[in-house]
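**Student:** Could you work out the structure for the sequence below:
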Amino acid sequence: MKKVKVNLKDSHYFIYLGYPLKDIGRLLTEKRYGRRILILSDTNVFSIYGKIMKGSLIREEKEVIDVVVRPGEGAKTLNNACDMLKKCAENKMGRDDTILTLGGGVISDLGGFVASIYMRGINFVAVPTTLLAQVDASIGGKTGVNLTFGKNLVGSFYQPSFVYMDYNTLLTLSEREKKQGIAEIIKYGIIKSKKIFDIFVDKPVDEMKKHLPFLIEESIKIKKDVVEKDEKEKKGLREILNFGHTLGHAIEISHLSKFSHGESISLGMAAETYISWKLGFCRKDVYFTVKGVLQKYGLPFNFSSITIDKIFNYLRYDKKVRQGNLRFVLVQNIGKVKSGVVVKIEDVSKILKEMIKNEKYR
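**Tutor:** Presented below is the predicted three-dimensional model:
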């Protein structure tokens, strides 16, 4: 068990790594967390961990309210946010009460957003149960919901009171769900840590389980360091975390039934590394190394199943679009990227079509 401290300009919070779910109630005994705790979860996660979580809180004499939504990206809606706000008001939750999210990134984003706007902000505790949420969504303070036009178009920056992770929750994940988290950890390796990336290159796939605690901790430290320096994306430093996400988010929202978030980011990383190569930011072998690692871990890298016109319809609404141009994080070498690279949409389209054509003949 370890604690990592996130130091921000006006506050700080702890990330608890490898702590058992049954003990979380002890951390919520302080008066500032209030008497009422609303647990937001999805049907899959709540059926496994809801009883343990509620039991831990009830032992500390908390009044527990639970809101359970359907799993998946489709839950991140304004309608669900409004329903949660009504639930908070109906149960007379006050400014000193707490919203606790139990689940993956969708749950963390939705619950954190509601916590940020109910009574202009109440306590928010994140309990990520997926590998993807543990290394990404639960850390950094980004919250939000989707619109039909694109991902996370409504949201806020709102930091949790603390983040609490039980690694045993990873044991119940499907292989597809684990791969989502692996994609995000590979991203950290590409943008900031050759040490992380080399583990994926050198170690057998069936040994990855024993390396996960180290990889989770290292990924968290990278994100923590970036967030501490640029909490609200004012300095451009936080932009490196968007590698693979410019195209990845557009793929995810336009092909929702086909690709998960992690799979979309994997495709985004492959394509954005290809763009990096074609624009002269990296060597050809860097692209093939990235592509090889994605393939090794069963992650998608082939763009031939992507409808280019669809993703460009959504890209036009992306927050990273400036005056009709796209901003990319492009790879220079493993562990080193350049952020804020402006590329014309038509140039991106041309490069992606070339990539698809080349894939067909390989």
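**Student:** what comes into contact with stretch 42-49?
**Tutor:** 21, 39, 41, 66, 68-72, 75, 102-104, 106-107, 129, 169, 172 (CB atoms under 8 Å, 6 or more residues apart in numbering). All C-beta atoms are positioned from the backbone trio N, CA, C, and that covers glycine.
**Student:** Going by neighbour count, list what's buried in that stretch.
**Tutor:** Neighbour-count burial for stretch 42-49, counted by 16 or more other CB atoms under 10 Å, picks out 42, 44-46, 49.
**Student:** Mind checking which of these are in helices?
**Tutor:** Of these, the ones assigned to helices by DSSP state H are 44-46, 49.
**Student:** all strands of the stretch 1-150 of the chain, in order?
**Tutor:** Remark: strands assigned in the stretch 1-150 of the chain by DSSP state E, counting those that start in this stretch are 2-7, 12-17, 36-42, 63-69, 98-103, 123-128, 142-147, 150-157.
**Student:** nearest spatial neighbour of Lys92, skipping sequence neighbours?
**Tutor:** When the adjacent residues along the chain are set aside, Lys92 lies closest to Arg36, with 7.6 Å between them (CB to CB, 6 or more residues apart in numbering).
**Student:** how many neighbours does that neighbour have?
**Tutor:** 19 (other CB atoms under 10 Å).
**Student:** separation between it and Ile58?
**Tutor:** Distance, Arg36 to Ile58, using CB to CB, to the nearest Å: 12 Å.
**Student:** ditto for Ile196
**Tutor:** Ile196 sits 40 Å away from Ile58, taking CB to CB as the criterion.
**Student:** more crowded one of those two?
**Tutor:** Applying other CB under 10 Å to Ile196 and Ile58 shows that Ile196 carries more neighbours, namely 23 against 13.
**Student:** Spell out which residues sit in contact with that one, please.
**Tutor:** 185-186, 188-189, 215, 218-219.
**Student:** circling back: quickly compare the strands of the stretch 1-150 of the chain and say which is most buried.
**Tutor:** Highest mean neighbour count of the strands of the stretch 1-150 of the chain: strand 98-103, a mean of 28 (counted as mean count of other CB atoms under 10 Å).
**Student:** Could you name the helices and strands sitting against it?
**Tutor:** Secondary-structure packing of strand 98-103 (3 or more CB pairs under 8 Å, 6 or more residues apart in numbering; DSSP states H and E): strand 36-42, helix 43-59, helix 105-117, strand 123-128.
**Student:** Show me what that strand pairs with in its sheet, parallel or antiparallel.
**Tutor:** When pairing is defined by DSSP bridges, strand 98-103 lines up against strand 36-42 (parallel), strand 123-128 (parallel).
**Student:** Contacts for it, please.
**Tutor:** 28, 33-34, 36-42, 45-46, 49-50, 53, 71, 84, 88, 107-108, 110-112, 114-115, 118, 122-130, 133, 138, 161.
**Student:** For Ser254, find the nearest of the helices and strands packed on strand 98-103.
**Tutor:** Set against Ser254 and scored by CB to CB, those come closest in helix 105-117, at 17.6 Å.
**Student:** element containing the residue lying closest to Val293 once chain neighbours are set aside?
**Tutor:** Distances taken as CB to CB, 6+ apart place Phe200 nearest to Val293, at 5.0 Å, with adjacent residues excluded. Per DSSP states H and E: Phe200 is located in helix 194-202.
**Student:** beta partners of Tyr164?
**Tutor:** With DSSP bridges as the rule, Tyr164 is bridged to Tyr16.
**Student:** Tell me how many other residues crowd it.
**Tutor:** The number of residues packed near Tyr164 is 23, by other CB under 10 Å.
**Student:** quick one: low-confidence parts of the stretch 1-150 of the chain?
**Tutor:** Along the stretch 1-150 of the chain, the model assigns pLDDT under 70 to no residue.
**Student:** Low-confidence bits of the stretch 201-350 of the chain, can you list those?
**Tutor:** Along the stretch 201-350 of the chain, the model assigns pLDDT under 70 to residues 317-324.
**Student:** so where do the strands sit in it?
**Tutor:** Ranges of strands within the stretch 201-350 of the chain are 321-322, 325-333, 336-344, based on DSSP E, counting those that start in this stretch.
**Student:** from those, which stretch is densest packed?
**Tutor:** Ranked by mean neighbour count under mean count of other CB under 10 Å, those are led by strand 325-333, which reaches a mean of 20.
**Student:** Right, I'll leave it there.
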